[in-house]
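Enquirer: sequence first, then the predicted structure:
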Amino acid sequence: FFPELIAQREKQKVTDEQMFQAISGFLPKVYYEARKTNEKQDTTSKTVRDSQGFTTQKNKTDDWQDTKAKRSSFNLEQNLFNGGRDVMAVRIAKYTIEAGRSDLVSKEQEILLKAINAYLDIIKYQEMLQISKENLQAYEKKYQSVKDKYEVGVAKKADLADASARKANAETTLTIVTGK
């Protein structure tokens with residue numbers, strides 16, 4: 001219903017995550033590493049020196065050398081003291097979250113105020129319309145009464161003009177209120 005409010009709530013969820021990130025500075029860090037290697041080397045030809053210093057190459061068939069290695073390590077680190085950085089990170093996260101919650105409450109109240117004002121405007125315009133209709137009916141009756149008196153000679157022409165002007169004013173007001 002209110003995209004602004006939904007956006008503010010999502011922003012607050014992101015802000016709340018800062019506390020978990022700040023607290024993680026106090027937790028130990030665990031590292032695990034594993035390696036496995038397989039190598040094959042062709043050792044079919046070898047260079048050999050004899051006793052007189054001559055080199056000869058000897059060839060063997062299907063002479064492969066397999067080398068397999070496995071290695072793993074597990075490390076655990078825990079800071080004992082880092083100059084108060086983690087403590088300050090938690091405080092900053094706490095105050096940022098509180099400020100975000102205040103912003104959220106402010107946005108909720110702003111939207112609620114808009115809704116209340118819209119509702120009150122509707123009530124106000126309904127009342128203005130009702131009053132304008134009743135006003136017009138009263139001035140129509142007054143005009144008809146003055147007209148009847150004028151026709152029998154009891155009222156003056158100025159009274160009839162005044163009643164006609166008031167009736168026209170009430171019609172104008174009704175037109176303004178209805179927006180037609």
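Expert: Yes, it's here.
Enquirer: go ahead and confirm residue 82 touches residue 25.
Expert: Yes: look at residue 82 against residue 25 with CB atoms under 8 Å: they come within range, at 7.5 Å. The C-beta positions use only the backbone N, C-alpha and C, and glycine is treated the same way.
Enquirer: those two: who's more crowded?
Expert: residue 25 (15 against 11; other CB atoms under 10 Å).
Enquirer: roughly how far apart are the closest residue to the more buried one other than its chain neighbours and residue 75?
Expert: Nearest non-adjacent residue to residue 25, counting by CB to CB, 6 or more residues apart in numbering: residue 86, 3.5 Å away. Applying CB to CB, to the nearest Å, the value for residue 86 to residue 75 is 20 Å.
Enquirer: the two: which is more packed in?
Expert: Of the pair residue 86 and residue 75, residue 86 is the one with more neighbours under other CB under 10 Å, namely 17 against 9.
Enquirer: give the other helices and strands that whichever strand or helix holds the more buried one contacts.
Expert: Taking DSSP states H and E as the criterion, residue 86 maps to helix 85-152. Counting contacts by 3 or more CB pairs under 8 Å, 6 or more residues apart in numbering; DSSP states H and E, helix 85-152 packs against helix 3-23, helix 157-178.
Enquirer: these into TSV, with extra columns for distance to residue 145 and mean pLDDT?
Expert: Listed next are the helices and strands packed on helix 85-152 as TSV, based on distance: least, CB to CB, whole Å; pLDDT from 0 to 100:
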stretch	distance to residue 145	mean pLDDT
helix 3-23	56	94
helix 157-178	8	95
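Enquirer: which one of those helices lies nearest to residue 116?
Expert: helix 3-23 (15.0 Å; CB to CB).
Enquirer: can you point out the buried residues in the closest one?
Expert: Under the neighbour-count criterion of 16 or more other CB atoms under 10 Å, helix 3-23 has 8, 12, 15, 18-19, 22 buried.
Enquirer: likewise stretch 128-143?
Expert: Buried, per 16+ other CB under 10 Å, within stretch 128-143: 132, 135-136, 139, 143.
Enquirer: any stretches of the chain with poor pLDDT?
Expert: 41-48, 53-65 (pLDDT under 70).
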